[in-house]
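In: Please find the sequence and the predicted model below.
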Amino acid sequence: MTKSRKAAKIARVKLLVIKGKDAGEVYETDQFPFTIGRDGTNQFVLTKDTKISRHHAEISYSRGKIWLRDLGSTNGSFVNNVRITEKTHIINGNTFILGGSFIQFVVIMADSAQAQSESQNTFSYESKVEESVLVVDQRNSSGISDSYSEEVVIRLTETLNRIVIPELNKHKARFIKGTGDGFLATFSTPASCLKAAAGILEKADTSNFKKREPNRLHIRLSLHHGSCVVEPNGDRHGKAVNIAFRLDSLQYRDIKKTKNSIPKSSFPEVDRIFFTQSFFDLLGVAEQKRATDMGLFKLKGIKGHHAVYHYQK
């Protein structure tokens, strides 16, 4: 369902919904700017996707480039799985997610400025920022995919998205990225990061009530605070992100054995919140008291042994 309005004629583009309740919907135009959303006043109207906002996003053209801007939507806008918080340059072949709709962006005919912009390699500087990192991982997603039907995998993924994204938004995540079977998110403070993690685990427990395997969602949440490298497109990487992912894959065999080591029976494999010493040190006293010192562990690819804490609300 589409509408059109007059604006500057620049390049011809096509938007194709490749996944979601509006799959198959296509919008083709050479008029900019145009908006996308559920409301009938948008140029590209998606009526079936209840997760998309009434006025979700805008696509515009300026300075020889095409841009996507989120319009304050409830569930955010993602370009190539990276959540955008400001106007973002998009190019031919990008896939962006609005609500529950996966939309492929195609430039059919670009003007000379757009074509030149996309053919050049423009050097951009990365930056660093202190952030709290949260990794959410669905336990054994590949094993579930191999052992059970596709319907089970889809249901678990939908449950994961329905639980995680609202909690990340509620606690004002700076950055959100889908990882296929989970999420990477960053926060300005450890307090907001921990609140999001606790909220996610609580809602997962509620969702699992009265369900049987394999329909129960099992997750691991790993938290660390450190310096993140921020790429020009907003993506995060660097040691702080690596530590959070290594913490996610932690197993009992990685513990440094001492006379005070916890027994294997006290080590939770799933449905857990783990965090590092640097994260623990920045928490308030009340939250620190709810954390159990699990001992020293070896994190794969990270030098030395690292203190790990288990948080129980």
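Out: All right, it came through fine.
In: where does the protein have low pLDDT?
Out: For the chain, the stretches flagged by pLDDT under 70 are 1-11, 109-126, 140-148, 232-233.
In: what residue is smack in the middle of it?
Out: Lys177 (2.6 Å; C-alpha atoms, centre = their mean).
In: Chain neighbours aside, what residue packs nearest to that one?
Out: Among residues not flanking Lys177 along the chain, Leu184 sits closest, at 4.6 Å (C-beta to C-beta, 6 or more residues apart in numbering). C-beta coordinates here come from the backbone N, C-alpha and C atoms, glycine included.
In: Return the residues in contact with that neighbour.
Out: 133-136, 175-177, 236, 241, 244-245 (C-beta atoms under 8 Å, 6 or more residues apart in numbering).
In: Likewise for Asn260?
Out: With contact set as C-beta under 8 Å, 6+ apart, Asn260 has these partners: Gly295.
In: So which residues of the stretch 151-300 of the chain form strands?
Out: For the stretch 151-300 of the chain, the strands defined by DSSP state E, counting those that start in this stretch cover 175-178, 182-187, 219-230, 236-237, 272-276, 291-298.
In: Counting by contacts, list what the last one packs against.
Out: Yep, that's strand 291-298 we're talking about. strand 305-311 (3 or more C-beta pairs under 8 Å, 6 or more residues apart in numbering; DSSP states H and E).
In: Now do the strand it packs on: everything it contacts.
Out: Residues outside strand 305-311 that contact it (C-beta under 8 Å, 6+ apart) are 194, 197-198, 243, 247, 250, 256, 268, 272-277, 279-280, 287, 290-299.
In: what comes up buried for whatever helix or strand Ile108 lives in?
Out: Counting by DSSP states H and E, the element that carries Ile108 is strand 101-109. Neighbour-count burial for strand 101-109 flags 101-105, 107 (criterion: 16 or more other C-beta atoms under 10 Å).
In: wait, which of the residues you listed is closest to Val13?
Out: Val13 lies nearest to Val107 out of these, by C-beta to C-beta, at 5.5 Å.
In: and the residue nearest to the closest one when sequence neighbours are not counted, how far is that from Gly76?
Out: For Val107, ignoring the flanking residues on the chain, the nearest one in space by C-beta to C-beta, 6+ apart is Asn92 at 4.1 Å. Separation of Asn92 from Gly76 (C-beta to C-beta, to the nearest Å) stands at 23 Å.
In: same thing with Lys211?
Out: The value you get for Lys211 to Gly76, if C-beta to C-beta is used, is 28 Å.
In: before we move on, what about Phe187?
Out: Counting by C-beta to C-beta, the gap from Phe187 to Gly76 is 15 Å.
In: quick check: longest helix of the protein.
Out: Ranked by residue count, the top helix of the chain under DSSP state H comes out as helix 150-170.
In: quick one, that one and strand 182-187 angle?
Out: If you take axes from the mean of the first three to the mean of the last three C-alpha atoms, to 10 degrees, helix 150-170 sits at 0 degrees to strand 182-187.
In: Okay, angle between helix 150-170 and strand 219-230 too, please.
Out: Using the same axes, to 10 degrees: helix 150-170 against strand 219-230 is 50 degrees.
In: Restricting to C-alpha, output helix 150-170 in CSV.
Out: Taking C-alpha atoms only, helix 150-170 is exported to CSV below (Å, rounded to 0.1, in the frame of the first residue of the first chain):
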residue,chain,number,x,y,z
GLU,A,150,11.7,-24.7,12.4
GLU,A,151,8.5,-23.6,14.1
VAL,A,152,10.1,-24.1,17.5
VAL,A,153,13.1,-22.0,16.5
ILE,A,154,10.9,-19.2,15.2
ARG,A,155,8.8,-19.2,18.4
LEU,A,156,11.9,-19.0,20.6
THR,A,157,13.4,-16.2,18.4
GLU,A,158,10.1,-14.2,18.5
THR,A,159,10.0,-14.6,22.3
LEU,A,160,13.6,-13.5,22.7
ASN,A,161,13.0,-10.4,20.6
ARG,A,162,9.7,-9.6,22.3
ILE,A,163,11.4,-9.7,25.7
VAL,A,164,14.8,-8.2,25.0
ILE,A,165,14.1,-5.2,22.7
PRO,A,166,11.5,-3.4,25.0
GLU,A,167,13.8,-3.9,28.1
LEU,A,168,16.8,-2.4,26.2
ASN,A,169,14.7,0.5,25.1
LYS,A,170,13.2,1.0,28.6
